[in-house]
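Chemist: Can you look at this prediction? I've put the sequence above it.
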Amino acid sequence: MKIALIGYGKMGKTIESIALERGHTVDLKIDIDSIGDLTKENLLQCDAAIEFTGPHSAKENITSCLNAGIPVVSGSTGWLEDWAEVEYLCKEKNGSFLYASNFSVGVNIFFEVNKKLAQLMKGHPGYSVTMEEIHHTQKKDAPSGTAITLAEQILQEIPVKKKWVNNETVDPQELSIISKREDPAPGTHSIKYSSAVDDIEIIHTAHSRNGFALGAVLAAEYIYNKKGIFNMKDILGIS
Ligand SMILES: NC(=O)c1ccc[n+]([C@@H]2O[C@H](COP(=O)([O-])OP(=O)(O)OC[C@H]3O[C@@H](n4cnc5c(N)ncnc54)[C@H](O)[C@@H]3O)[C@@H](O)[C@H]2O)c1
């Protein structure tokens with residue numbers, strides 16, 4: 001497959017090496033200093049685009065790909081207030097788009113464990129639930145997109161929790177997410193249920209960026225000859 005990489009930072013570079021290992025070629029590399037090369041003509045030389053830039057540029061880059069008619073995978077976090085617009089454009093153009101707040105296969109399994117644990121815990125008010133996420137100091141958004149997904153899964157299952165907050169809280173209606181920034185930390189997420197007698201804790205720790213990069217390349221392989229809007233569950237066959 002011929003891949004266009006939009007965003008050639010930490011993730012873009014890791015994705016490039018995984019893509020090459022899997023027999024693909026990277027035929028277009030776009031970063032902030034070469035944004036002028038993000039043209040329909042250049043995109044059409046590629047089979048799929050993988051976008052990892054950041055919160056302020058994701059929507060525009062995804063839009064360029066959909067307008068060019070090229071399948072696009074995005075992992076940029078912090079732009080989801082524009083989701084409806086991107087979804088509309090993808091449908092209008094009969095395009096192909098896959099977004100994941102976290103491309104790691106392990107994290108996507110962790111999402112399922114989190115949902116199941118929350119279902120089991122909702123009938124046990126003696127346990128209080130808290131979350132923690134740890135990332136490197138260059139991360140621009142807090143809490144992480146993954147922590148927000150985990151928190152929203154818990155809010156859906158445990159009716160007493162009405163919203164998440166990004167600080168410690170004593171309000172029983174609030175779910176506390178503590179964000180820590182330290183180096184080096186590719187990403188740790190933990191959820192802890194504590195009672196007077198015991199604790200139950202689940203933790204996912206990424207050892208490197210390779211897991212995210214592999215998931216992004218698998219996603220490009222998955223969507224490049226499909227039409228529609230997809231997520232990691234489609235790739236992993238989780239219903
Ligand atoms: N979904 C996931 O699994 C996952 C995993 C890791 C990181 N992320 C997210 O991916 C994004 C990138 O992460 P990173 O660690 O590679 O960051 P990074 O800062 O190392 O790289 C981002 C790159 O994008 C470039 N860029 C910025 N604006 C641009 C624009 N308008 N057009 C083209 N390039 C532009 C920057 O110059 C930089 O090289 C962040 O939003 C991060 O939160 C997601």
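Modeler: Looks like it came in fine. Residues are numbered from 1 along each chain as shown.
Chemist: Can you tell me how far the nearest residue to Lys115 once chain neighbours are set aside is from Ser239?
Modeler: Nearest residue to Lys115, sequence neighbours excluded (C-beta to C-beta, 6 or more residues apart in numbering): Gln153, at 4.9 Å. In this view, the C-beta of every residue, glycine as well, is placed from N, C-alpha and C. Separation of Gln153 from Ser239 (C-beta to C-beta, to the nearest Å) stands at 16 Å.
Chemist: Could you list which residues are in contact with whichever residue of the chain sits closest to the ligand?
Modeler: Closest residue of the chain to the ligand, C-beta to the nearest ligand atom: Gly9 (1.8 Å). With contact taken as C-beta atoms under 8 Å, 6 or more residues apart in numbering, Gly9 is in contact with 31, 52-53.
Chemist: so which of the residues you listed is the most crowded?
Modeler: Highest neighbour count within these, by other C-beta atoms under 10 Å: Phe52, with 27 neighbours.
Chemist: Now do it against Glu182, distance only.
Modeler: 22 Å.
Chemist: Same question for Asp37.
Modeler: Distance of Asp37 to Glu182, computed by C-beta to C-beta: 36 Å.
Chemist: Tell me the residues of this protein that contact the ligand?
Modeler: 6-12, 30-32, 35, 52-55, 57, 61, 75-78, 100-103, 212 (C-beta under 6 Å from any ligand atom).
Chemist: Quick check on the residue nearest the centre of the chain: phi, psi?
Modeler: Nearest residue to the geometric centre of the chain (C-alpha atoms, centre = their mean): Ser101, 1.4 Å. Phi and psi for Ser101, reported as degrees, to the nearest 10, are phi -70, psi -20.
Chemist: what's the answer for Tyr193, then?
Modeler: phi -110, psi 120.
Chemist: contacting residues for it?
Modeler: 117, 121, 124, 127-129, 199-201.
Chemist: and with 10 Å instead?
Modeler: 117-118, 120-121, 124, 126-130, 154, 158, 199-202 (C-beta atoms under 10 Å, 6 or more residues apart in numbering).
Chemist: Just the buried residues of the helix or strand of the chain with the lowest mean pLDDT, please?
Modeler: Within the chain, no helix or strand scores below helix 232-236, which has a mean of 92 by mean pLDDT, DSSP states H and E. Neighbour-count burial for helix 232-236 flags 232, 234-235 (criterion: 16 or more other C-beta atoms under 10 Å).
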